[in-house]
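Q: Would you be able to build a 3D model of this:
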Amino acid sequence: MAKPAFATGAQVEHAKFGLGTVLSCNDDHIVIKFDEHGEKKFVSSIAVPTLKKSDRQAPPEKKRGGKKKVAASS
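A: Numbers count the residues shown, from 1 in each chain. Below you'll find the model as predicted:
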């Protein structure tokens with residue numbers, strides 16, 4: 001089996017979807033979490049040649065379900 005084109009966690013740039021982080025990559029598919037477009041799954045043989053490696057730092061994960069503001073009772 002060949003080494004994946006991109007390692008998990010690699011930062012890449014796609015012409016249409018912009019900057020993203022590789023979540024998984026194998027001979028068949030590559031899954032990328034884009035900053036502005038969420039997760040997308042591509043056929044590796046088609047998508048990998050169009051991706052550019054990016055030297056940026058991975059963006060911090062957005063925290064979900066943080067503390068909710070409690071309305072003051074009167």
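
Q: Look at the nearest residue to Asn26 once chain neighbours are set aside and report its pLDDT.
A: Spatially, and ignoring its direct neighbours in sequence, Asn26 is nearest to Pro4 (5.8 Å; C-beta to C-beta, 6 or more residues apart in numbering). All C-beta spots, glycine's among them, are computed from the backbone N, C-alpha and C. For Pro4, the model assigns a pLDDT of 78.

Q: where's Pro4 relative to Ser24, distance?
A: Distance, Pro4 to Ser24, using C-beta to C-beta, to the nearest Å: 8 Å.

Q: Mind listing the shared neighbours of these two?
A: Common neighbours of Pro4 and Ser24, counting by C-beta atoms under 8 Å, 6 or more residues apart in numbering, are Ile30.

Q: More neighbours: which of those two?
A: Per other C-beta atoms under 10 Å, whichever of Pro4 and Ser24 has more neighbours is Pro4, with 16 against 13.

Q: Looking at this protein, which strand is longest?
A: Determined from DSSP state E, the single longest strand within the chain is strand 18-25.

Q: mind listing the strands for the chain?
A: For the chain, the strands defined by DSSP E cover 11-14, 18-25, 29-34, 38-43, 52-53.

Q: pLDDT averaged over stretch 28-44 - what is it?
A: Average pLDDT, stretch 28-44: 96.
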